[in-house]
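K.L.:
Prediction below, plus the sequence it came from.
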Amino acid sequence: MRRLKILTWHTHGSYLYYLTQAPHDFYVLSKPGRPPGYGGRCGHMPWGGNVIDLPVEQAADCDIDCIVFQDDAQYLDDQYRYLSAAQRRLPRIYLEHDPPREHPTDMRHPVVDANVLLVHVTHFNALMWDSAGVTTRVIEHGVMIPRDVVYCGELERGLVVINHLAQRGRRLGADIFDTVRQQVPLDLVGMASEQCGGLGEVTHAQLPAFAARYRFLFNPIRYTSMGLAVIEAMMAGIPIVGLATTEMATAIENGVSGHVDTDVAALIAKMQELLKYPEQARRLGEGARQRARERFHIDRFIGDWNQALRLVTQ
């Protein structure tokens with residue numbers, strides 16, 4: 001397909017990095033000081049030359065082919081504040097990263113315009129949102145990690161990767177993390193993880209090799225989308241232990257790529273077992289790697305996005 005000029009926002013840095021592996025040019029809105037959502041081309045990601053920083057005051061004069069919204073404020077406010085009337089008539093996609101928050105089943109999605117394509121990142125999200133009358137599709141995550149990352153699991157500890165866990169509380173499983181680490185040796189990394197006794201942030205590029213030394217990755221999250229950190233760990237051959245909620249219930253197969261359950265005591269027992277039997281952890285990690293390559297390969301992800309972009313721009 002032809003190379004497109006796509007305007008979007010820096011909502012989730014890791015996702016934006018993978019999205020920009022597609023063969024298009026991405027104009028990413030920025031504001032002075034780089035506040036959340038308006039970071040533009042910033043941070044420690046190894047951005048390609050196709051990622052262009054676009055100050056919001058220049059947005060209305062930018063020649064673009066398509067808009068990809070990534071949160072409510074961008075769709076409900078920013079497009080009217082920063083974009084021209086002609087730009088607002090261009091092909092538009094709303095990329096929904098999360099399941100509904102106010103009510104798990106009866107919350108109406110803010111996109112009601114049949115001319116906007118609504119893209120969900122998991123089938124669970126698409127299932128839970130009420131988006132009747134709007135064209136929707138699911139594009140599952142795609143990731144890539146350095147080729148030289150090899151799981152060894154030498155550390156008899158589990159790893160948890162969550163940003164701002166203290167601030168995000170029960171939904172992200174802060175209480176579960178506290179309960180489990182009383183019985184299982186766990187390290188927490190992520191933005192502001194020090195507030196929960198964690199090790200701080202590990203850069204995206206360094207995380208796969210850092211995580212590959214741990215025996216397993218534990219995901220205590222109750223309710224969110226499928227975490228990229230989980231998928232990246234799978235791709236690195238790390239066994240996954242977590243709650244059997246959201247898309248985790250379909251991504252992890254018990255006894256094959258890890259273990260998921262809604263019984264925290266059962267999860268604790270499984271983690272203790274993996275600490276005791278490293279060969280079992282290695283076998284599950286290989287199953288996780290195979291599953292990730294089949295379902296979350298970056299080439300499949302880019303192909304799915306090209307299909308969606310072709311749909312709205314033809």
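P.N.:
Received it, and whenever you're ready, just let me know what you need.
K.L.:
The stretch 201-314 of the chain: helices as residue ranges?
P.N.:
With DSSP state H, counting those that start in this stretch applied, the stretch 201-314 of the chain shows helices at 207-211, 228-235, 248-251, 264-276, 278-295, 298-313, listed in chain order.
K.L.:
Contacts for the longest one next, please.
P.N.:
Put plainly, it is helix 278-295. 140, 143, 151, 153, 215-216, 231, 233-240, 251-253, 255-259, 273-274 (CB atoms under 8 Å, 6 or more residues apart in numbering). Any C-beta I mention is one placed from the backbone N, CA and C, and that applies to glycine too.
K.L.:
relative orientation of it and helix 228-235 in degrees?
P.N.:
110 degrees (axes from the mean of the first three to the mean of the last three CA atoms, to 10 degrees).
K.L.:
Flag every buried residue along helix 278-295.
P.N.:
Within helix 278-295, the residues that count as buried by 16 or more other CB atoms under 10 Å are Ala281, Arg282, Leu284, Gly285, Gly287, Ala288, Arg289, Arg291, Ala292.
K.L.:
do the first one as well
P.N.:
Within helix 207-211, the residues that count as buried by 16+ other CB under 10 Å are Leu207, Pro208, Phe210, Ala211.
K.L.:
Now the third one. Nearest residue, chain neighbours left out?
P.N.:
Among residues not flanking Phe210 along the chain, Val202 sits closest, at 5.1 Å (CB to CB, 6 or more residues apart in numbering).
K.L.:
Report the contact partners of that neighbour.
P.N.:
By CB under 8 Å, 6+ apart, the neighbours of Val202 are Val189, Gly190, Phe210.
K.L.:
again, 10 Å this time
P.N.:
Val202 sits next to Leu159, Val161, Val189, Gly190, Ser193, Pro208, Ala209, Phe210, Ala211 when contact means CB atoms under 10 Å, 6 or more residues apart in numbering.
K.L.:
same deal with Glu156?
P.N.:
Counted by CB under 10 Å, 6+ apart, Glu156 has contacts Pro185, Tyr214, Arg215, Leu274, Leu275, Lys276, Pro278, Ala281.
K.L.:
Now with 8 Å, please.
P.N.:
Pro185, Arg215, Leu275.
K.L.:
Could I get the buried residue list for the strand or helix carrying it?
P.N.:
Glu156 belongs to strand 155-161 when assigned by DSSP states H and E. The neighbour-count check on strand 155-161 (16+ other CB under 10 Å) flags Arg157, Gly158, Leu159, Val160, Val161 as buried.
K.L.:
One more: stretch 290-310?
P.N.:
Arg291, Ala292, Phe296, Ile298, Arg300, Phe301, Ile302, Asp304, Trp305, Ala308, Leu309.
K.L.:
For the third one, give me the backbone phi and psi.
P.N.:
Pointing back at Phe296 there. phi -120, psi 30 (degrees, to the nearest 10).
K.L.:
can you pull the contacts of it?
P.N.:
Counting by CB under 8 Å, 6+ apart, Phe296 has contacts Glu140, His141, Gly142, Val143, Ile231, Met234, Met235.
K.L.:
Show the model's pLDDT score for it.
P.N.:
You'll see Phe296 listed with a pLDDT of 98.
K.L.:
how deep is the closest residue to Glu154 other than its chain neighbours tucked in, by neighbour count?
P.N.:
Leaving aside its sequence neighbours, Glu154 sits nearest to Arg213 (CB to CB, 6+ apart; 5.5 Å). Arg213 has 14 neighbouring residues, counting by other CB atoms under 10 Å.
K.L.:
Which elements pack onto the next helix-or-strand element following the strand holding Glu156?
P.N.:
Sequence order places helix 165-168 as the next helix or strand after strand 155-161, per DSSP H and E. Applying 3 or more CB pairs under 8 Å, 6 or more residues apart in numbering; DSSP states H and E, one finds that helix 165-168 contacts helix 174-180.
K.L.:
Show residues contacting the helix it packs on.
P.N.:
Under CB under 8 Å, 6+ apart, the answer for helix 174-180 is 160, 162, 165-166, 168-169, 186, 188, 196, 218, 220, 222, 243, 264, 267-268, 271.
K.L.:
again, only using 6 Å
P.N.:
Leu165, Pro220, Ile268 (CB atoms under 6 Å, 6 or more residues apart in numbering).
K.L.:
Quick one: neighbours of Asp77, just the number.
P.N.:
For Asp77, using other CB under 10 Å, the count is 10.
K.L.:
contacting residues for it?
P.N.:
With CB under 6 Å, 6+ apart, Asp77 has no contacts at all.
K.L.:
In terms of pLDDT, where does the spatially most central residue of the chain sit?
P.N.:
With distances taken as CA atoms, centre = their mean, the residue of the chain nearest its centroid is Leu228 (3.9 Å). According to the prediction, Leu228 has pLDDT 95.
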